[in-house]
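Asker: Quick one: sequence and predicted model below, then my questions.
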Amino acid sequence: MENHKPNKDLFVPVDTTDTESEKITRPSLSFWQDSFIRLRKNVGAMIGLAVLVILALLAIFGPYLNDYGVYEQDLSRSKMPPKVEGLGWLGMDGTLSDVQSAATLEQAESKALMRFNNQEDFIETEVVNDGSNGEPAQVRATYDVYAAKDIQENYWFGTDGLGRDQWTRTWMGTRVSLYIAFLAAAIDMLIGVAYGGISAYYGGRVDNVMQRIIEILVGIPNLVLVILMILILEPGILSITIALAIAGWISMARIVRGQILKLKNQEFVLASRTLGAKDSRILQRHLIPNVLGLIIINTMFSIPSAIFFEAFLSFIGLGLPTPMASLGTLINAGFQSLQIYPHILLFPAVVISLIMIAFNVLADGLRDAFDPKMRE
Amino acid sequence: MTRYIIQRLIYLVITMILIATLTFFLMKFLPGTPLSAADKLSEEQQQVVLEKYGLDDPVPIQYFNYMVNLVQGDLGISFQFDNREVSTIIMERIGPSMQLGVQAMVIGVILGMLLGLVSAIYHNGFMDYTSTFLAVLGQSIPSFVFAGLLQFYIGVKFGWFPVALWEGWEYTVLPTASLAIFPIAIAARFMRTEMLEVMGSDYIVTARAKGVNKVGVVFKHGLRNALIPLITVLGPLAISLMTGSLVIENIFAVPGIGEQFVKAINVNDYPIIMGTTLLLSFMFIIIILVIDLLYGVIDPRIRLAEGE
Amino acid sequence: MEKLLEVKDLHVSFDTYGGEVKAVRGVNFDLNKGETLAIVGESGSGKSVTTKALMQLIPMPPGRIKQGEILFEGRDLAKMSDKQMQKIRGKEISMIFQDPMTSLNPTMKVGNQIMEGLIKHQKMSKPQARKRVVELLELVGIADAENRMKQYPHQFSGGMRQRVVVAIALACNPKLLIADEPTTALDVTIQAQILELMKDIQKKTDSATIFITHDLGVVANVADRVAVMYAGKIVEVGTVDDIFYNPKHPYTWGLLGSMPSLDSEDEELYAIPGSPPDLLNPPKGDAFAARNEYAMKIDLEQEPPMFKVSDTHYAATWLLHENAPDIDPPAAVKKRMEGMAKTSGGSEGEQR
């Protein structure tokens, strides 16, 4: 301690009363600012958002980027493989290929040619295995469909069994999915939040009656409700809308009710009430801001399940009627020729998977950003 | 506890009556009757058909008969298969559906749990990121897209397992896998979150302060507490499997109720649609009830709080 | 007196989003066998982190022991692996936690939770361990131990649970018991019971205790020596008498002044203005300077070293430097100090 020989002048009192004792050393951030910063830092969520924006743009403008119509059929051009100039290395070169095997090389070759109707001018054959090692001979035939049918314009995603352009139909189907996304969000926000909010805020008899109704609705599986609705209405976008409106808001209503009930009895609300705040003020300043994060998170999670539900209904034939395009119906059609023409299934399947992944990742990101438990 | 069960059973009965009533009256509004398929019948023939289905009685009597039959397990006669009872058709087909559902559920939950556990133990490590990424894929990609992938690659390209039909265990592999992916993903994510939360709790610190080793802390103290909340997702999972099996059975041509149901939708065979709907609702309600009761059995806090 | 524990220049940090939070910044203290040391300070002063670090119970990451030594009977705990620590935890050092409602495993029978340590450390058979559990439960004052050990924590009240936690900590006769605010979460009447129990047990077992609290009343009741912590450092350390009758650090004055007492009327509580510094960016100089009404220029520039007051009493404030002006504690604190001397019988409370 003897080595401390500070200057004598330093031993004079300083006034600290209003200098630093209450200084806040970190900038203060509101709940929303803080949440947004967290969301922006979440790489996955940002990628998800970007994917959604790109898909939405393609859904809006995609169908106009080529000259084919959604319902334009041409049986002579059915099941065309996809072809995009410059993307040949991705397999989108407008050719079909198949490997045939037989006992001898000649037999294999003729089988391979036969596979594509012996259009020898447009078929290139390649020996995979010449059969000399005791195994069956194998020959790969690659058939240039565009050249064979003398088609100049490219079908970027190929065509379906009726010769309709898959590109146009895929993006039309995406529109349906995105419409369902907005619909699900709107139903959750409007019906679910209002129902849960009213039930919790007024309490008593109102709450009692509203809760009995929910309990019964919860007992009926969503799927059953929707199937019944669609059976009495005609399958179509309207009946899916109605079905979602009936079944889609229940979980949101329960969550909002639970949260508001919890908040209603918390001290800060009681304090505000004691100070004479009106109902509308308590609702606006205390309840809504505290429930909003939860509402956003829950909405984001109900969107992918609604999209899946529509695709699922369309897949089993309860969704959009033919010839309308939904990703579900496109995928169903793809299954019918999966073994030979997998590309018909591929594009709508990739698009719906991308939409679902993007929404889920974004929802996860929002939950991490808004969940107060996550902040330190 | 008994009072609680009785209360739940009463709710169950009310809901079932409500669903049955709803289905009955909806059926009355439906455009299709057994006659619409064969309009060219004479008056007499029409009368015979109507009598056969009991459609000539006044509606209240029809309703009464319908409900009485229902209680006896009689779901009516199929429109598409002559003289075949819906209940018989369903009973014939329930086996494969059940097998598929149970296989997918058991495999899904066990694999998912392990994946989630690994994630939680190696929190923020490579294994965690990988399994979280896989879980997001499994949760997002629709089961019918997975079914397509499996059918094309494993079934057609590699030929490891049969692509369709139901003639032995190897036929169950691809449909079970397609169905199990969603439960795997959900169980993994849920398990991870729960396990992380449990591992951060005070009693884990107490256990560590006692000198319990890492394995003991994770399995003896962590796992059981993380498993209890996992029971809550079993119900929604079972329901998602019921929904999923409708498409999966179709894709893999499994002779189950789901496949029959979709066929019935496409040919407007209302008795089968209604019968299956009622069966699904019934199973749904029972599953929810069983899970609520199970929760009480496993969590001592609930079990004993009731007993005291 | 034989030294049981010696903590030298301990630094503990947490790596967070915002940067490195220096929760403990160079703590030194020692503890003799059978002695009770109280660590006092407000929330966030680093007292819990210090003791958790002794047992390597801080979550790592984000936490880490940056530097320093923790010598327990000559062995450095800071350098031990988790495997080695497992043999020390529960056996030689054990811990009682703050909240009995959350510190017991809800899905495990109480008896099994106590038995775990016995089976692991004492290599007891199950029946042996069961017998010892009954003894322990009786020791901590739980009647009907045979039946109670088969119950789950939720069947116990808060005070009873804390007794169970104490039983778990005592199971293997530890040489050092760390009690991290063991009474904070309990009702006042239950607090007194638990304190009595702990004093009683200490008499019986003769284990050394580190008692963390922010309640000075508790300190006077149980401790031999007191360490006052502020912003991750020990600012004053001494015997109970040193701290209560002759405090030297203005922060200790503040703590004493803010403690209400029953004996004098119309007294004003002395509140410490402001709030503790942000340990993400600890201030230059004395961390307490900003809240110190006696602050001097030097407080804003240099950290004060530990000044020796007596053989047992040290304080880290520039006010003890020979060049510093003579400053008396505020009147309210002085009155409190005198009151304290009166209530505790006066005989041992002679003022230095």
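Answerer: Looks like it arrived, so ask away. Numbers count the residues shown, from 1 in each chain, chains lettered A, B, ... in the order given.
Asker: and residue C:236, which of the three is it?
Answerer: Secondary structure, DSSP: H, G, I helix; E, B strand; the rest coil: residue C:236 is strand.
Asker: Surely it is in contact with residue C:246?
Answerer: No - shown here, residue C:236 and residue C:246 do not form a contact pair, counting by CB atoms under 8 Å, at 10.3 Å. Glycine gets a C-beta too; all of them are placed from N, C-alpha and C.
Asker: quick one: which of those two has more around it?
Answerer: residue C:236 (28 against 18; other CB atoms under 10 Å in any protein chain shown).
Asker: So for the more buried one, what's the pLDDT?
Answerer: Looking at residue C:236, its pLDDT is 89.
Asker: That one bridge partners, please.
Answerer: residue C:228, residue C:315 (DSSP bridges).
Asker: ok so, going back, give me the common contacts of residue C:236 and residue C:246.
Answerer: Contact criterion CB atoms under 8 Å, 6 or more residues apart in numbering or on different chains; residues shared by residue C:236 and residue C:246: residue C:313.
Asker: How many residues are close by residue C:189?
Answerer: When neighbours are defined as other CB under 10 Å, residue C:189 has 8 of them.
Asker: swap in residue A:243?
Answerer: When neighbours are counted by other CB under 10 Å, residue A:243 comes out with 23.
Asker: Could you do residue A:259 as well?
Answerer: Look at residue A:259: counted by other CB under 10 Å, it has 20 neighbours.
Asker: Could you measure from it over to residue A:297?
Answerer: Separation of residue A:259 from residue A:297 (CB to CB, to the nearest Å): 11 Å.
Asker: Could you do residue C:206 as well?
Answerer: Here residue C:206 is placed at a distance of 55 Å from residue A:297 (CB to CB).
Asker: what about these two, which has more around it?
Answerer: With neighbours defined as other CB under 10 Å, residue C:206 and residue A:297 compare such that residue A:297 has more, 20 against 11.
Asker: give me every residue that touches the more buried one.
Answerer: Listed by CB under 8 Å, 6+ apart, the contact set of residue A:297 reads A:363, A:366-367, A:370-371.
Asker: Kindly report the same for residue C:187.
Answerer: Going by CB under 8 Å, 6+ apart, residue C:187 touches C:158-159.
Asker: now it: how far from chain B?
Answerer: Distance of residue C:187 to chain B, given as CB to the nearest CB, to the nearest Å: 19 Å.
Asker: before we move on, back to that, so which of the contacts of residue A:297 are in helices?
Answerer: Among these, the members found in helices (DSSP state H) are A:363, A:366-367, A:370.
Asker: Could you report the neighbour count for the residue lying closest to residue C:298 once chain neighbours are set aside?
Answerer: Among residues not flanking residue C:298 along the chain, residue A:10 sits closest, at 3.6 Å (CB to CB, 6 or more residues apart in numbering or on different chains). A count of nearby residues for residue A:10, using other CB under 10 Å, gives 18.
Asker: Equivalent analysis for residue C:22, please.
Answerer: Considering only other CB under 10 Å, residue C:22 is surrounded by 19 other residues.
Asker: Check the contacts of residue A:297 for burial and list the buried ones.
Answerer: A:363, A:366-367, A:370 (16 or more other CB atoms under 10 Å in any protein chain shown).
Asker: Format these as TSV; extra columns: distance to chain B and pLDDT.
Answerer: Formatted as TSV, the buried ones among the contacts of residue A:297 follow (distance: CB to the nearest CB, whole Å; pLDDT from 0 to 100):
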residue	distance to chain B	pLDDT
A:363	10	86
A:366	14	84
A:367	10	82
A:370	16	78
